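Q: Just to be clear, the model below is a prediction. Sequence and coordinates:
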Amino acid sequence: WDEHPDLLKASVRLADDPPAAVRLQAACSWGESKNPEAGRALAKVAIRDAGNPYIRAAVFSSAEPHFNRLAQAALEHGVLIDDVLKLGARRKTSLDALLAGLIKPGKDGYEPEQFRSLGGWLNHNPKVSPEMIKVMAKAREVVADDSASSPLRAAAVGLLARQPESLAADKRHLSDLLTPRVASEIKLAAVQTLARVGDDGLPDTLLKGWPNYLPQERSRVLDTLLQRKEWTRLCLKAIEAGAVSRGDLDAARRQLLLKHTDPSIRESAARILNSGPRKARREQIEAYRPALKLPADETRGRAVFAKLCAVCHLPPNGQPMNGPDLRSITDRTKEGLFSSILDPNQTVDASYAGYSVTLADGATLYGRVLSETSNNLILRLLDGSDRQLLRREIKTLRNSGLSLMPEGLEAGMNHQELADLIRFVQTFERDDK
């Protein structure tokens, strides 16, 4: 390697090579070089292929000259910790030096990678040293500091709730982060840390802020609650009580509940998910099912679309859409479109859920969240205009649990017009539409 630096430079690109066999051979070879570039490439493959036993063996056959880099990557990503510890047992000095470096702040304070790596270490070695206690105290300060960066605060969250004497206080602080004024990155880290604590009160803690969560946050909360049977049961009770809308469950999570390995959860899910307001709505629209058997005309359907649907799905003069591009629809069967048009809240696409925002000055806005950063979010209002809101201006942010697409469109058309509209939407992908 030393005689052919260009060869080493070319080899490190193989860390991203698609065939696993290539990455395996490269991992076997990098152990012959002490160059830091080889170490970085080896660590990259180690993390990417942590679940592949053959590549993992190749990585650790080359680990000796790159131990520090490999150990740091393992700690940061929370994988291969046990393998690193086994290797480090023979070189305790290097491992201690690595931990000492992570515990010590830099000239500008701690970096997110340090907090994440130390959190990964503690997940496998929960015994807390006096030095680590000081780091945890600093992490609490960072979490409480609104002026700190979101990545740093999110990484610091992972160090909380690890000491019995401060557990109750840490849980309160973590719960306080689940508000609209806190960036999603931090909230997601708080959910993960609260789940690590894993007490019976977690569902109440997470669901208390349900109306205020953005789509990504709702997904993380749902997936967390579905990890344990007792949490899943409480989640189903929340759905039954209306605290969580049935439409908030996508098809995959609904199927997970209906096919759950626990018979009692399966039975509860079948009873709860197939009842309530959604059942009543399905009964209402059944009167329009004969429309599916009528001959349909695409041209007439265009006129119905222009009257009822175009304002959101194809607005004039290049205005932004407030509904999805109909060319993206995957289920264009008559049955699928019948349900989508008349029962839009059966399953709500998180990207098109309606949010009600109350600002600090008392103004109330309604629309869908287009994007967010640590400091602001952009709300597309019903008229198609976009409004940028600073998080500190937001008093409340509530998800309606409903799609922006309204129910009751059948009131504006008869059976024939519904049949024509379905036919038009089925052919919408053509350029001339």
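A: Noted; the coordinates are in hand. Residues are numbered from 1 along each chain as shown.

Q: Output the below-cut-off pLDDT ranges for this protein.
A: 78, 82, 85, 89-94, 275-280, 315-320, 429-433 (pLDDT under 70).

Q: which stretches of it form strands?
A: Along the chain, the segments classed as strands by DSSP state E run 353-359, 364-372, 376-381, 386-390, 394-403.

Q: Mind checking those strands for the one nearest to residue 145?
A: Residue 145 lies closest, by Cβ to Cβ, to one member of these: strand 386-390, at 18.0 Å. Heads up, the C-betas are built off the backbone N, CA and C, glycines and all.

Q: Kindly calculate the angle that the closest one makes with strand 394-403.
A: 140 degrees (axes from the mean of the first three to the mean of the last three Cα atoms, to 10 degrees).

Q: What residues sit buried inside strand 386-390?
A: For strand 386-390, burial by neighbour count (16 or more other Cβ atoms under 10 Å) applies to residue 389.

Q: correct me, but residue 294 touches residue 416?
A: Yes - in this structure residue 294 lies within contact range of residue 416 using Cβ atoms under 8 Å: 5.9 Å.

Q: re earlier: among the strands of the chain, which is nearest residue 120?
A: strand 364-372 (26.9 Å).

Q: so what strands line up beside that closest one?
A: When pairing is defined by DSSP bridges, strand 364-372 lines up against strand 353-359 (antiparallel), strand 376-381 (antiparallel).

Q: now the last one: how far from the chain's centre is it?
A: In other words, strand 376-381. Counting by Cα atoms, centre = their mean, to the nearest Å, strand 376-381 is centred 19 Å from the centre of its parent chain.

Q: Show which residues not belonging to that strand make contact with it.
A: Under the contact criterion Cβ atoms under 8 Å, 6 or more residues apart in numbering, strand 376-381 has outside partners 214, 320, 322, 355, 357, 365-372, 386-391, 394.

Q: List buried residues within those residues.
A: Burial of the contacts of strand 376-381 was assessed by neighbour count (16+ other Cβ under 10 Å); the buried members are 214, 322, 355, 357, 365, 367, 368, 369, 372, 389, 391, 394.

Q: Relative to residue 133, which of those is nearest.
A: For these, the nearest to residue 133 is residue 391 (31.9 Å; Cβ to Cβ).

Q: Please report phi then psi for the residue lying closest to that closest one once chain neighbours are set aside.
A: Take residue 391 and drop its neighbours on the chain: the residue closest to it by Cβ to Cβ, 6 or more residues apart in numbering is residue 181, 4.8 Å away. Per-residue torsions, residue 181: phi -80, psi -10 (degrees, to the nearest 10).
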